[in-house]
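Engineer: Kindly return the folded structure for what I paste below:
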Amino acid sequence: MEIYIRGGRMNSIKPVKISFFGPSGSGKSTASQCSRKIFGELLPIYWFKECDVAEPLHIIQNHIYREMGIKSMSQDGELLQYLAEKFEKDLGPKCVDRVRKFVYAYQGKVICVNSDCRNNAYKCLKDNGFVFVRIQTDPFIRASRLSERGDITIANNSNSVEGIDQIEANYTIFNDGTLDSLNEHIRDLLIKKIIPSL
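Structural biologist: Numbers count the residues shown, from 1 in each chain. Predicted structure coming up:
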């Protein structure tokens with residue numbers, strides 16, 4: 001079976017697995033959202049699966065604040081950092097296991113995106129065939145974005161749990177401009193690098 005995508009040819013169906021990483025405020029979640037829309041245009045027969053190894057932490061945070069009667073959509077970086085030290089190392093691989101089952105169920109026609117890789121999840125994702133994309137952003141722009149986001153507390157990037165220094169980037173995207181500019185960078189990467197490798 002051959003599938004043609006904008007003039008390109010794929011001889012077999014293979015899953016696409018991408019992990020975005022970078023410090024807080026670099027635009028990882030935005031890059032993930034952009035990639036989802038672009039992949040929807042480029043690979044319409046594929047299913048999209050988020051593989052967020054930090055998902056258990058956000059569930060716990062939301063539960064704690066719900067019980068305390070605090071209504072907030074913002075992140076509590078210090079709390080998430082504390083929880084990550086305890087839970088993410090063990091629960092993260094379970095998220096990857098769900099991806100494996102999803103890929104099997106849909107016969108490879110799956111796009112898996114992780115929007116926040118850190119050192120403690122790197123090996124698990126790498127062993128499962130993820131490609132790593134660094135989101136590079138000017139520190140002053142990141143600081144401004146974090147301020148606008150209104151997080152309850154901001155995680156300490158020098159903390160070992162937050163570390164990304166062991167992650168080897170396959171590709172780097174610069175996110176110092178507009179949302180349209182980020183979209184173009186991601187589209188360019190997907191068309192020229194990611195999809196041709198399938």
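Engineer: buried residues in stretch 122-135?
Structural biologist: Buried positions in stretch 122-135, judged by neighbour count with 16 or more other CB atoms under 10 Å: 122, 124-126, 128, 130-135. Where C-beta positions appear, they are placed from N, C-alpha and C, glycine not excepted.
Engineer: Other residues contacting that stretch?
Structural biologist: 15, 17-22, 26-28, 31, 51, 53, 92-93, 96, 99-100, 112, 114, 117, 166-173, 175, 189, 194 (CB atoms under 8 Å, 6 or more residues apart in numbering).
Engineer: okay, how far is it across that stretch, tip to tip?
Structural biologist: 15 Å (CA to CA, to the nearest Å).
Engineer: got it, and stretch 111-124?
Structural biologist: Stretch 111-124 has an end-to-end distance of 17 Å (criterion: CA to CA).
Engineer: quick check, distance from that stretch to the centre of its chain.
Structural biologist: Offset of stretch 111-124 from its chain centre (CA atoms, centre = their mean, to the nearest Å): 7 Å.
Engineer: quick one: buried residues of that stretch?
Structural biologist: Buried-residue list, stretch 111-124, by 16+ other CB under 10 Å: 111-118, 120-122, 124.
Engineer: same check, this time on stretch 186-198
Structural biologist: Of the residues in stretch 186-198, 186-187, 189-190, 194-195, 198 count as buried by neighbour count, 16+ other CB under 10 Å.
Engineer: Save those as TSV, and put in distance to E78 and secondary structure too.
Structural biologist: Shown next, in TSV, are the buried residues of stretch 186-198 (distance: CB to CB, whole Å; DSSP: H, G, I helix; E, B strand; the rest coil):
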residue	distance to E78	secondary structure
I186	30	helix
R187	36	helix
L189	33	helix
L190	35	helix
I194	35	helix
I195	39	helix
L198	40	coil
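Engineer: re earlier: tell me the two of the buried residues of stretch 111-124 that are most distant?
Structural biologist: Farthest apart among the buried residues of stretch 111-124 by CB to CB are I111 and N120. That separation is 23.8 Å.
Engineer: Look at I111 and give its secondary structure.
Structural biologist: I111 falls in the strand class when you classify it by DSSP: H, G, I helix; E, B strand; the rest coil.
Engineer: residues touching it, list them.
Structural biologist: 15-18, 36, 39, 43, 46-49.
Engineer: Would you map the helices across this protein?
Structural biologist: 28-42, 55-67, 77-83, 89-105, 119-127, 139-149, 179-189 (DSSP state H).
Engineer: Pick out the shakiest of those helices, pLDDT-wise.
Structural biologist: Mean pLDDT is lowest for helix 77-83 out of those, coming in at a mean of 70.
Engineer: what distance separates it from the centre of its chain?
Structural biologist: Its chain's C-alpha centre and that of helix 77-83 lie 18 Å apart, by CA atoms, centre = their mean.
Engineer: for it, packing partners?
Structural biologist: Other helices and strands packing on helix 77-83, by 3 or more CB pairs under 8 Å, 6 or more residues apart in numbering; DSSP states H and E, are helix 55-67.
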